[in-house]
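**Q** build the 3D model from these lines:
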Amino acid sequence: MSASFSSALSHLECSKTGVESDPDIVQGTSEVGAPLLARYDLDRVRATVTREEIANRAPDLWRYRELLPVRDERHVITLGEGMTPLLDLKRYGASLGVPGLRMKDEGLIPTGTFKARGAAVGVSRASELGVTGIAMPTNGNAGAAWSVYAARAGMRSLIAMPVDAPEITRTECVVSGAELYLVDGLIGDAGKLIAAAVAEREGFQEVSTLKEPYRLEGKKTMGYEIVEQLGWRAPDVILYPTGGGVGIIGIYKALLEMRELGWLTGDLPRLVAVQAEGCAPIVEAYKRGDSESVAFPDARTVAFGITVPKALGDFLVLDAVRKTEGTAITVTDKELLAAQGALASSEGMFVCPEGAACFAAVEQLRGSGWLRGDENVVVLNTGTGLKYPETVPVDVPTLPVDGRIPLAPEPR
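**A** Okay, here's the model as predicted:
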């Protein structure tokens with residue numbers, strides 16, 4: 001990063017009322033309990049930064065620093081996050097009837113999931129504002145990422161996750177020194193315990209999904225990267241696995257910022273919110289025509305990261321989907337696991353079950369005609385499949401030391 005590091009952050013804005021607030025003090029949600037959105041002096045950015053200049057910067061998310069909230073480079077906490085590959089899936093895409101299919105692979109980012117983006121920016125800004133400890137409920141991966149970045153920043157971390165969360169995420173929290181608790185319930189139950197604990201701890205900030213403004217800013221860089229990687233053009237469709245919804249909200253925010261800056265022209269991509277059939281509050285609200293969701297009963301899916309029965313930012317997800325003429329769709333656990341296996345065997349890519357849900361959705365949308373087949377389609381794989389070994393049963397022969405490997409089977 002250069003000496004010209006300079007954020008154009010101007011204020012925070014309530015996502016429901018538009019009321020502005022001070023970005024330079026620790027903030028949670030707005031007075032009406034809605035997420036706060038970071039706003040920037042885009043006129044200043046337009047006058048001082050070009051796309052060509054950004055292209056010559058280091059290949060990490062901080063290349064978009066004027067549009068991120070950290071004011072002083074000294075407070076940047078980084079593990080090299082960002083600029084993940086955008087990969088063509090020619091063989092798999094052709095099999096689905098979508099030859100223009102690509103995958104943005106967040107499994108290669110630090111901690112193995114896209115959560116590192118939000119953690120990098122959120123922890124950096126919290127540190128800049130004097131926070132000494134972060135606390136959050138999590139379905140696993142966010143807690144792992146935030147605890148790692150908190151350790152990098154010399155901050156404390158308090159994490160609570162459902163007992164059914166992926167075991168490896170517990171390990172990441174413990175090894176990075178987090179104070180970790182398992183909860184016999186869902187993420188909302190963990191959230192209640194965290195909120196009560198933070199009220200009794202000095203110096204801690206609750207950083208639950210959309211209950212602080214800056215995780216979203218880290219996540220939005222996925223949108224900037226996709227457009228930059230496509231030569232400052234948007235794809236036709238972007239599919240995103242949607243739990244708390246920060247990713248799809250952030251991508252939409254990035255698209256709007258780029259359009260206002262003049263960095264992106266033409267139609268915005270259609271945004272698709274993908275949920276599992278076992279936890280689909282946003283899809284149900286979309287079908288009803290509602291602006292907010294209703295808590296989903298008995299939520300359960302193998303795609304644990306999107307097991308969010310009621311998202312605080314559900315109205316922002318629904319707005320992004322509708323304003324881009326996108327859609328919201330569910331897939332079954334059986335369908336997403338089949339897609340996970342098919343992608344790995346055809347392209348050598350082991351994706352997380354949440355990312356696999358999007359590939360199952362591509363197949364559905366092509367089958368229904370919602371996708372014509374000639375579009376440029378980007379799927380967000382939000383993490384590495386290596387974090388979810390339980391999704392792949394391994395039942396293979398064990399040979400004696402004096403045994404023999406049989407003749408090769410027929411090619412697939």
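
**Q** check contacts around residue 253.
**A** Residue 253 sits next to 37, 216, 220, 223 when contact means Cβ atoms under 8 Å, 6 or more residues apart in numbering. Where you see a C-beta, it was placed from the backbone N, CA and C, and this is true even at glycine.

**Q** in strands only, show me these.
**A** residue 37 (DSSP state E).

**Q** nearest to residue 25 among the contacts of residue 253?
**A** residue 37 (16.2 Å; Cβ to Cβ).

**Q** count of neighbours near the closest one?
**A** 20 (other Cβ atoms under 10 Å).

**Q** residue 233 against residue 227, yeah?
**A** Yes: using Cβ atoms under 8 Å, residue 233 is in contact with residue 227, at 6.8 Å.

**Q** who has more neighbours out of the two?
**A** Between residue 233 and residue 227, residue 227 has the larger neighbour count (other Cβ under 10 Å), namely 22 against 14.

**Q** thought residue 220 was touching the more buried one, still the case?
**A** No: under the criterion of Cβ under 8 Å, residue 227 is not in contact with residue 220, lying 11.2 Å apart.

**Q** quick one: common contacting residues for the two?
**A** Counting by Cβ under 8 Å, 6+ apart, the common neighbours of residue 227 and residue 220 are residue 254.

**Q** just the endpoints, please. Distance across stretch 72-86?
**A** 30 Å (Cα to Cα, to the nearest Å).

**Q** what's it in contact with?
**A** Identification of contacts with stretch 72-86 by Cβ under 8 Å, 6+ apart yields 1, 5, 59-63, 70, 102-106, 108-111, 116-117, 120, 123-125, 127-128, 148-149, 152-153, 221, 225-226, 229-230, 378.

**Q** any idea which helix or strand carries the nearest residue to residue 245 once chain neighbours are set aside?
**A** Distances taken as Cβ to Cβ, 6 or more residues apart in numbering place residue 317 nearest to residue 245, at 4.0 Å, with adjacent residues excluded. Residue 317 is part of helix 314-323 when elements are defined by DSSP states H and E.

**Q** convert the C-alpha atoms of stretch 12-32 to PDB, please.
**A** C-alpha atoms of stretch 12-32 as PDB (Å, rounded to 0.1, in the frame of the first residue of the first chain):
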ATOM      1  CA  LEU A  12     -23.100   6.300   8.000                       C
ATOM      2  CA  GLU A  13     -26.700   6.100   6.900                       C
ATOM      3  CA  CYS A  14     -29.600   4.200   8.300                       C
ATOM      4  CA  SER A  15     -30.800   1.600   5.700                       C
ATOM      5  CA  LYS A  16     -34.400   2.200   6.600                       C
ATOM      6  CA  THR A  17     -34.700   6.000   7.400                       C
ATOM      7  CA  GLY A  18     -31.700   7.500   5.700                       C
ATOM      8  CA  VAL A  19     -30.700   9.300   8.900                       C
ATOM      9  CA  GLU A  20     -27.000  10.000   8.900                       C
ATOM     10  CA  SER A  21     -24.600   9.300  11.800                       C
ATOM     11  CA  ASP A  22     -20.900   9.800  12.700                       C
ATOM     12  CA  PRO A  23     -18.600   7.100  11.300                       C
ATOM     13  CA  ASP A  24     -15.800   8.000  13.600                       C
ATOM     14  CA  ILE A  25     -17.200   6.500  16.800                       C
ATOM     15  CA  VAL A  26     -18.100   2.900  17.500                       C
ATOM     16  CA  GLN A  27     -21.500   2.200  16.000                       C
ATOM     17  CA  GLY A  28     -23.900  -0.700  16.000                       C
ATOM     18  CA  THR A  29     -27.300  -0.400  14.300                       C
ATOM     19  CA  SER A  30     -29.400   2.700  13.800                       C
ATOM     20  CA  GLU A  31     -31.900   4.100  16.200                       C
ATOM     21  CA  VAL A  32     -34.600   2.000  14.700                       C
END
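
**Q** quick check: buried residues in it?
**A** 12-15, 23, 27-30 (16 or more other Cβ atoms under 10 Å).

**Q** which one of the residues you listed is nearest to residue 186?
**A** Closest approach to residue 186 among those (Cβ to Cβ): residue 29, at 20.5 Å.

**Q** that closest one and residue 35 touch, don't they?
**A** Yes: using Cβ under 8 Å, residue 29 is in contact with residue 35, at 6.1 Å.

**Q** what touches both of the two?
**A** Taking Cβ under 8 Å, 6+ apart as the contact criterion, the common neighbours of residue 29 and residue 35 are 210-211, 312.

**Q** tell me the one of these nearest residue 177?
**A** Closest to residue 177, out of all of the shared contacts of residue 29 and residue 35 and judged by Cβ to Cβ, is residue 211, at 22.9 Å.

**Q** my read: the closest one touches residue 312, true?
**A** Yes: with contacts counted by Cβ under 8 Å, residue 211 reaches residue 312, the gap being 6.9 Å.

**Q** shared neighbours, these two?
**A** Contact with both residue 211 and residue 312 is made by residues 29, 35, according to Cβ under 8 Å, 6+ apart.

**Q** quick one, phi/psi of the residue nearest the centre of the chain?
**A** Centroid-nearest residue in the chain, with Cα atoms, centre = their mean: residue 247, separated by 4.1 Å. Per-residue torsions, residue 247: phi -60, psi -50 (degrees, to the nearest 10).

**Q** show me the contacts for it.
**A** With contact set as Cβ under 8 Å, 6+ apart, residue 247 has these partners: 114, 219, 222, 240-241, 380, 382.

**Q** joint contacts of residue 233 and residue 227?
**A** Common neighbours of residue 233 and residue 227 (criterion: Cβ under 8 Å, 6+ apart): residue 264.

**Q** before we move on, back to that, run the chain-centre distance for the helix holding residue 317.
**A** Relative to the centre of its chain, helix 314-323 is centred 16 Å away, using Cα atoms, centre = their mean, to the nearest Å.

**Q** quick check: mean pLDDT of it?
**A** Helix 314-323 shows a mean pLDDT of 98.

**Q** which other helices and strands contact it?
**A** Packed against helix 314-323 by the contact rule (3 or more Cβ pairs under 8 Å, 6 or more residues apart in numbering; DSSP states H and E) you find helix 246-261, strand 270-276, helix 281-288, strand 327-331.

**Q** buried deepest among those, which one?
**A** Greatest average neighbour count among those goes to strand 270-276 (a mean of 27), per mean count of other Cβ atoms under 10 Å.
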